[in-house]
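> Take a look and give me a structure for this.
(2 chains)
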Amino acid sequence: MTSPTAPILEVKNLSKRFGDRGRAGLFDINFSVAPGETLAIAGASGSGKTTLARLIMRLSDPDAGSIHLAGQDITDLHGERLRRRRNRFQMVFQNPLAAFNPRATVRSILEDPLRLHRLANPREYVGRITAALERVGLSANLIDRLPHALSGGQRQRVAIARAIMTKPDLIVLDEPVSALDVSVRARILNLLLDLKDETGVAFVFISHDLAVVRAFAERLIVLDDGRIAESGETETVLKAPKTTTTHALIEAVPRLIV
Amino acid sequence: MSALYLRVTDLGVRYGETVALQEASLEINQGERLALIGESGSGKSTMAMAVAGLLPRGASVIGTLDFPVLGHSLRLGRDVGVLFQDPDGSLDPVMSVGDQIAEVAMMHQGIGWIAARVHAAELLGHVQIARPLTRLNSYPHEFSGGQKQRIALAIALAGNPSLLIADEPSSALDTVVQRHVVNLLDELVRERGMTLMFITHDIALASERADKIGVLYQGRLVEFGPAAEVLGSPRHAYTRALINTHISLDTPHSKRLPEIDKAGLV
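Numbering: from 1, shown residues only, chains lettered A, B, ... in the order given. You can find the predicted model right below:
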């Protein structure tokens, strides 16, 4: 059993010698995420951010260490048992176009979690899908559209609607706004902040943009070459960065000179 | 003062019934850096591609483009190099990077194959690819995203153009690599005295790197002038909104981020 203060995600001594498909490895990663908290994971390309996201999501297997979700060890879950557990943790990708079946309509994309996790009976599908679309600020008229007929912002809203369909405890957000227009970016981040307020979902927010991280996440882990270079309250880390990695990430943010 | 390089007068572009750009006029001097800012569909890429002569077939164009310094119309590759957001779109996956750079140099500089290969190695060095001679025979997939963008830059520079057009050249890269590519672009443009037109949706990047800024909104150039003027006393509501909603390192953690209210803009 978990107490109310127990972490929703706990990662212990997690290592992966070589990442999948040439991605960076990870060495002895330790951290936890409290319910309703947003933890950012920042780092340059090749620092291991995506490898870590894939391990947390159980899309690949670690070489060592453990991952606990809501008190349950999910490190060795596979097949049907992993699939059944997936309703508790969801992911939103940088490029939803690559994450969606190009021939699946919005209806079918949002129906999948309902069917897979038996969350509703088929007669309720349309109502649940319409409600989810409305919740993420999309018109129900989009229900029969294909992904390529949506704008970048609309696609990301569909991805978020799919992620919240199962009322998860945790959503891993892998650069969810990097590919979007500036004006759309704030709207999507605000939608995520509202959802967190309403549902108490926790976020792991993968980003290379420390300005967005400061505005969005309470805590921050900086990865460098597969290791945690620095971690702590976002404000504290950004105010007094201790490593050259964090310095470089801060320096890289363009400054608006007015 | 440097000479006038480009004068755009009442430029308009339509794709069939869709008006992508209308009544856009601006001037850039030789060696100046112009940033075009706007969101998807604002017309910023259309404007840059119209200047480069790279609009798709079927686009109808009105207005005039003058290049007083050149004394003739712009020749793609020779007078203007173009760098796109996705380097994979400009690199041939089955041709070595050395050959790709050398081919452009031969075509536009009228030099022989051996001289072109030597030039290709020099250019790879200029865009800071380590051990350029040994990388001439490498293929695009052997490089990282940031390296591929720099190789695409070497190809764009191979014709020794006087104008470089860069369409969101760093948006797909992480901030550290983005910084590197933008610094390099800046350095090369200065060294070669090139004129630069770059497209971005990041007003902060424009504020750091541009001498002049043009802001596009719904197919119109709603603002154009020296960077300090546009940013210091913006005339259009969209420019003001962009400045006010910018997420910077000084934006504190909060319940909500400032959004651009489209309804309040005309």
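> ok, residue 258 - contacts?
Picking chain A for this. By Cβ atoms under 8 Å, 6 or more residues apart in numbering or on different chains, the contact list for A:Val258 reads B:207, B:231-232, B:243. All C-beta spots, glycine's among them, are computed from the backbone N, C-alpha and C.
> I was after chain B.
If you count contacts by Cβ under 8 Å, 6+ apart, B:Pro258 has them with A:186, B:244-245.
> follow-up on the earlier one: can you redo the contacts of A:Val258 as CSV with distance to A:Ala53?
Below are those laid out as CSV (distance: Cβ to Cβ, whole Å):
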residue, distance to A:Ala53
B:Ser207, 32
B:Leu231, 36
B:Gly232, 41
B:Ile243, 33
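> Can you tell me which of the contacts of B:Pro258 is nearest A:Ile160?
Comparing those against A:Ile160 with Cβ to Cβ picks out A:Ala186 as the nearest, at 14.6 Å.
> in which helix or strand would I find the closest one?
helix A:182-199 (DSSP states H and E).
> among the contacts of B:Pro258, which ones are buried?
Among those, the ones that count as buried by 16 or more other Cβ atoms under 10 Å in any protein chain shown are A:186, B:245.
> partners of the helix or strand harbouring A:Phe205 in the sheet?
Assigning secondary structure by DSSP H and E places A:Phe205 in strand A:202-207. Strand A:202-207 has its sheet partners listed here by DSSP bridges as strand A:38-42 (parallel), strand A:170-174 (parallel).
> next one: it to chain centre, how far?
5 Å (Cα atoms, centre = their mean, to the nearest Å).
> what comes up buried for it?
Buried residues in strand A:202-207, defined by neighbour count with 16+ other Cβ under 10 Å: A:202-207.
> what does it contact?
Under the contact criterion Cβ under 8 Å, 6+ apart, strand A:202-207 has outside partners A:8-9, A:33-42, A:49-50, A:52-53, A:56, A:169-176, A:178, A:192, A:196, A:213, A:216-217.
> can you dump the C-alpha coordinates of that strand into PDB?
Provided in PDB are the C-alpha atoms of strand A:202-207 (Å, rounded to 0.1, in the frame of the first residue of the first chain):
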ATOM      1  CA  ALA A 202       2.100  14.200 -12.300                       C
ATOM      2  CA  PHE A 203       4.300  15.200 -15.200                       C
ATOM      3  CA  VAL A 204       7.800  14.200 -16.300                       C
ATOM      4  CA  PHE A 205       8.600  17.000 -18.700                       C
ATOM      5  CA  ILE A 206      11.500  16.400 -21.100                       C
ATOM      6  CA  SER A 207      12.900  19.600 -22.600                       C
END
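> returning to that earlier point: closest to B:Ser254 out of the contacts of B:Pro258?
The nearest one, if we look at the contacts of B:Pro258 relative to B:Ser254 and count by Cβ to Cβ, is A:Ala186, at 11.4 Å.
> how about the residue minimising distance to the centre of chain B, phi and psi?
Centroid-nearest residue in chain B: B:Ala166, 1.7 Å away (criterion: Cα atoms, centre = their mean). Backbone geometry at B:Ala166, expressed as degrees, to the nearest 10, gives phi -120, psi 110.
> so it makes contact with B:Met197?
Yes. The pair B:Ala166 / B:Met197 is scored as a contact, 7.3 Å apart, by Cβ atoms under 8 Å.
> would CSV of the strands paired with strand A:202-207 with mean neighbour count be doable?
Putting those into CSV (neighbours: other Cβ atoms under 10 Å in any protein chain shown) gives the following:
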stretch, mean neighbour count
strand A:38-42, 26
strand A:170-174, 24
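> got those as JSON lines, with mean pLDDT columns?
What follows is the strands paired with strand A:202-207, written out as JSON lines (pLDDT from 0 to 100):
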{"stretch": "strand A:38-42", "mean pLDDT": "97"}
{"stretch": "strand A:170-174", "mean pLDDT": "96"}
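> need those strands in CSV with distance to B:Gly53, can you?
Below are these laid out as CSV (distance: least, Cβ to Cβ, whole Å):
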stretch, distance to B:Gly53
strand A:38-42, 41
strand A:170-174, 38
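> Could I get the full set of strands for chain A?
Along chain A, counting by DSSP state E, strands occupy A:9-16, A:26-33, A:38-42, A:64-69, A:72-73, A:89-92, A:170-174, A:202-207, A:219-224, A:227-233.
> Pull up the pairing partners for the fifth one, direction included.
Strands that pair with strand A:72-73, judged by DSSP bridges, come out as strand A:64-69 (antiparallel).
> Please work out how many residues are found near the closest residue to B:Ile203 other than its chain neighbours.
Closest residue in space to B:Ile203, ignoring its immediate chain neighbours: B:Leu242 at 4.9 Å, by Cβ to Cβ, 6 or more residues apart in numbering or on different chains. Number of residues near B:Leu242 (other Cβ atoms under 10 Å in any protein chain shown) recorded here: 27.
> Could you check how far B:Leu242 is from B:Glu259?
Distance of B:Leu242 to B:Glu259, given as Cβ to Cβ, to the nearest Å: 12 Å.
> which residues do the two both contact?
By Cβ under 8 Å, 6+ apart, B:Leu242 and B:Glu259 have these common neighbours: A:Ser183.
> List the contacts of A:Ile56.
Counting by Cβ under 8 Å, 6+ apart, A:Ile56 has contacts A:9, A:11, A:67, A:89, A:172, A:204.
> For residue 221, which non-adjacent residue is closest in space?
You didn't pick a chain, so chain A it is. A:Ser231 (4.4 Å).
> The intended chain is chain B.
With Cβ to Cβ, 6+ apart as the criterion, B:Leu221 has its nearest non-adjacent residue at 4.1 Å, and that residue is B:Ala24.
> What's the local residue count around A:Ile160?
A:Ile160 has 25 neighbouring residues, counting by other Cβ under 10 Å.
> I figured it was touching A:Leu192, is that so?
Yes. A:Ile160 is within contact range of A:Leu192, at 7.0 Å (criterion: Cβ under 8 Å).
> Distance-wise, check the residue nearest to the centre of chain B relative to chain A.
Per Cβ to the nearest Cβ, to the nearest Å, B:Ala166 is found 15 Å from chain A.
> who's that residue bridged to?
For B:Ala166, the beta-bridge partners are B:Leu83, B:Phe198 (DSSP bridges).
> picking that back up, I'd say the residue nearest to B:Leu221 and B:Arg220 touch.
Yes. Using Cβ under 8 Å, B:Ala24 is in contact with B:Arg220, at 7.2 Å.
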